[in-house]
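pasted the sequence and its predicted model underneath.
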Amino acid sequence: MDELKRQAAARALEEVRDGMKLGLGTGSTAKHFVELLGIRVRSGLSVIGVPTSEATRADAERAGIALTTLDEVDRLDLTVDGADEIDPALNLIKGGGGALLREKIVASASDRMIVIADDTKWVEVLGRFPLPVEIIPFGVAATRRAMSEAFAKSGNSGQMVLRKGKDGHVFVTDGGHWIVDVHLGRITDAPRLAGLLNVIPGVVEHGLFIGLAGMAMLASPQGIRVVERP
C-alpha cells in the first residue's frame, strides 16, 4: 500500500513546473510527495511551498524545500494533498490526520488541487470514513446539539466521538481546537451538509471538501488512474 501511495505522489510530481508556488498536503501519501519533491529540488527545480501542518513543515525543511506563507503570496499554483475518501464528483472527506483547517485554507487559495491516494480511498458515496469536524473547545455541548440538527436537516445521523490522542487526552489541532469524528456511514447530500455545518458558530471547519479538487490520481496494482472533476 505504501508503494502505491508513492506511485500516486510520483505521478502528481509530473504536474509540477519550475517556479511554481505549491500547497504541500499532510498525511502519509502527501509525505511521499514532499520527499520526492525534495529530490527534484536538490536536482535544481525551483519551487516554493506552503505547508498545511507543522508535521509537513518539518518534512519540507528536511527535504530542502523553500517555504513561504499565505501572508507572503497571493495565490498558489497547485496544491497536492491526500484524502480519506474521494467520490465520483471529486468531493472529499479529509482530516483523519487532524490538519483539515489548514488543508482547506491552502486548497482554497490554490488555482488547482490534485488529490493523490491509493484506490481504496475511492467510494461511490462519502461517509464510510468518519467525518472530522473541528470545533472550538468552548461550548462543546451547544455545538454538538447544533451539529445534530444539521445532520437531521440533511437526512443524516450518526455517533459523534470526541477525538483522543495516543496519550488518551483530547486531541488538539495545530490551531488549538478539538475534533469531533462523526460516524455517518453514508452521507446524504454532502454539499448541503457542508453548508449547514458552515454556519454553526462553534464549528471552525469540517472535513467535507466540496468542489475543491480538480483531479485525482489513484494508484492500484494495475497502475495509476487519473480522474478529472466532471
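Arrived safely, thanks for sending. Keep in mind it's a predicted model, so treat the numbers as computed, not measured. Numbers count the residues shown, from 1 in each chain.

where's the most centrally placed residue in the chain relative to residue 148, distance?
For the chain, the residue nearest the mean C-alpha position is residue 94 (4.1 Å; Cα atoms, centre = their mean). Shown here: residue 94 relative to residue 148, a distance of 22 Å by Cβ to Cβ, to the nearest Å. C-betas here are computed from N, CA, C, even on glycine.

next one: residue 227
34 Å.

one more: residue 159?
Distance from residue 159 to residue 148, by Cβ to Cβ: 11 Å.

just residue 205 next, same as before
As judged by Cβ to Cβ, residue 205 and residue 148 stand 18 Å apart.

does residue 192 really touch residue 151, like I thought?
No: under the criterion of Cβ atoms under 8 Å, residue 192 is not in contact with residue 151, lying 10.8 Å apart.

who has more neighbours out of the two?
residue 151 (21 against 16; other Cβ atoms under 10 Å).

now the strands for this structure?
21-24, 48-51, 66-67, 78-81, 85-86, 92-93, 113-118, 131-135, 159-162, 178-183, 203-206, 208-209, 215-220, 223-228 (DSSP state E).

for the third one, what is the distance to the chain centroid?
How far strand 66-67 lies from its chain's middle: 20 Å, per Cα atoms, centre = their mean, to the nearest Å.

now swap in the last one and tell me
The gap between where strand 223-228 is centred and where its chain is centred comes out at 18 Å by Cα atoms, centre = their mean.

now the first one
Centroid displacement of strand 21-24 relative to its chain, using Cα atoms, centre = their mean, is 13 Å.
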